[in-house]
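Q: mind folding the following:
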Amino acid sequence: MAAIRKRKNGSYEIRVSCGYGVDGKQHNQYRSYYPEPGMTPRQIEREVNKMAVLFEEECMRGQITSAIKFQRFAEQWFDEYAKINLRPTSYARMKQLTKRVYPALGHKRIDKITARDIQRFITDMMINGRNETTGKPLSRKTAVHHLSFISDVFTYAIRMGMLSDNPCRRVFVPKQEQLEKEIFTLDEVRTLFANLDNEPMKYQLYLMLAIYSGFRRSEMLGLEWKDIDFENDLIHVRRTSQYTAEKGIYTDTTKTRSSKRVSKMPEIIMDLLRRFRTEQTIEARRLGTKWVENDRLFTKWNGAPMNPQTPFEWLKGYCGRVGVPFKNIHSLRHLHASLLIFEGVDVVAVSADMGHSVVGTTLNLYSHMFQEARARNCEAITNALKFAHQPAECVKYDVQNRGNEQFGT
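A: Now for the predicted structure:
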């Protein structure tokens, strides 16, 4: 029931109890009513009671929220929802996003935050935001991640009956010129391969396998020897290796169901795997009890799972040693995709090979490469039909020659 109290200034305070929060405190909502001049006491009583009933109904429908600040409610969302439903890596990434979101919106009541407030934050972040490590402007993808986090918090508030609308639905992320992905050229790959003999075998295997397979870094580090089918030259992707500051290195499922896949490998990779397994077995025997029993391919010196940052640091140093511009560790995956595309592999097959859940992801990521490949198709057709622009006698001579070549005459 709504409680009505008359103030000394002649206005009325309407209070509705909205239950108890997770902190154990009772949450109330308040609304004021100011009678129009000249109203009789009976008219005022009728109007204030009517307003109290409507206000109570609004509170029951969840159209009125408690006076809770965004930061406080977001932390409740982390504890009540995110920690239970999100992957540890996603949870940690969301926590990182609060560094920018809380200073901008954390002090505002969630029922007072408008689409315009959020739009200003997103737009300003893309125009003035800088990466804390590199100092480079923030990408559109970063802005999308921040907007998704804010939207998730508002969606949870709606589910809890605290709000009826998510202002993020009306916010747009400004378009940004899409930069071409940094990919090693074939000459650079040739240089990387030519100098590999001087590197530890586990890094030789990592570099070559990453290019030949296109596996994600987490998938590479999650590989175990039981995933290698030496008889049929197959590698099964069944798990990933992840890291968060809170959990350390841990084993997780693949990114999506489609990420669980089987890839056929060439003999050069299978031979390198056999040699590396032998080397790892010898090293385990040498270390004895110091060796941590583990089935992982890629490990630390003592057999424990390798830190996800280690391949990045090695590749960066190796590129510097052999004089190849460093891209990033994910560029090896992009290189694999580009080689498939330019060899004419169709988008569905590329998507399955990359472990994408939907073909649209592949098209979005590599649209520029597919466009270039289609341009090459056009050139191929043009070259094949060059005879169409030749004089009749030349066409006859050319066709006869092709026929003779075909039948070996």
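
Q: you'd agree A304 is up against W291?
A: No - applying Cβ atoms under 8 Å as the test, A304 and W291 come out as separate, 9.2 Å apart. For glycine as for every other residue, the C-beta is placed from the backbone atoms N, C-alpha and C.

Q: the two: who's more crowded?
A: Set A304 next to W291 and count neighbours by other Cβ atoms under 10 Å: W291 wins out with 17 against 14.

Q: contacting residues for the more buried one?
A: Taking Cβ atoms under 8 Å, 6 or more residues apart in numbering, we find W291 in contact with 283-284, 302-303.

Q: need the buried ones from these selected in PyMOL.
A: Applying 16 or more other Cβ atoms under 10 Å to those, the buried members can be selected in PyMOL as follows:
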select buried, resi 284+303
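
Q: where does the protein have low pLDDT?
A: The model of the chain has pLDDT under 70 over residues 19-24, 61-67, 177-180, 361, 363-409.

Q: where do the strands of it begin and end?
A: Here the chain has its strands, by DSSP state E, at 3-6, 12-20, 26-33, 228-229, 234-237, 240-244, 248-252, 261-264.

Q: give me the contact list for the fifth one.
A: With Cβ under 8 Å, 6+ apart as the test, strand 234-237 has contacts from 213, 215, 219, 222-223, 227-229, 254, 259-265, 355.

Q: what about the contacts of W291, which are in helices?
A: Applying DSSP state H to the contacts of W291, the entries found in helices are 283-284.

Q: nearest to T240, of the contacts of W291?
A: G303 (19.0 Å; Cβ to Cβ).

Q: for L234, see how far away the closest one is.
A: G303 is 25 Å from L234, where distance means Cβ to Cβ, to the nearest Å.

Q: can I get the contacts of W291 in CSV with distance to E56?
A: Formatted as CSV, these follow (distance: Cβ to Cβ, whole Å):
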residue, distance to E56
E283, 73
A284, 71
N302, 66
G303, 65
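
Q: count the neighbours of R159 for me.
A: Neighbour tally, R159, other Cβ under 10 Å: 11.

Q: repeat that for T256.
A: Count around T256 with other Cβ under 10 Å applied: 12.

Q: for the nearest residue to N328 once chain neighbours are set aside, give me phi and psi.
A: Leaving out its chain neighbours, the residue that sits closest to N328 by Cβ to Cβ, 6 or more residues apart in numbering is E182, at 6.7 Å. Dihedral angles of E182 (phi, psi; degrees, to the nearest 10) stand at phi -80, psi 120.

Q: list the contacts of E182.
A: Contacts of E182 by Cβ under 8 Å, 6+ apart are 327-328, 331, 334.

Q: so how do I select the buried members of the residues you listed in PyMOL?
A: Only the buried entries of the contacts of E182 go into this PyMOL selection, using 16+ other Cβ under 10 Å:
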select buried, resi 327+331+334
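
Q: quick check: the farthest pair among the contacts of E182?
A: Across the contacts of E182, no pair lies farther apart than N328 and H334, at 9.2 Å, counting by Cβ to Cβ.

Q: ok, T134 - contacts?
A: Neighbouring residues of T134 by Cβ under 8 Å, 6+ apart: there are none.

Q: distance check, it against Q26.
A: Per Cβ to Cβ, T134 is found 48 Å from Q26.

Q: next one: E199
A: E199 sits at a distance of 65 Å from Q26 (criterion: Cβ to Cβ).

Q: now swap in N128 and tell me
A: Distance of N128 to Q26, given as Cβ to Cβ: 42 Å.

Q: count the residues that sit near K300.
A: K300 has 14 neighbouring residues, counting by other Cβ under 10 Å.

Q: buried among the contacts of strand 234-237? Need that as a selection in PyMOL.
A: In PyMOL, this line selects whichever of these come out buried by 16+ other Cβ under 10 Å:
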select buried, resi 213+215+219+222+223+227+228+254+259+261+263+265+355
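
Q: E199 and Q26: who's more crowded?
A: Each of E199 and Q26 has its neighbours counted (other Cβ under 10 Å); E199 has more, 18 against 9.
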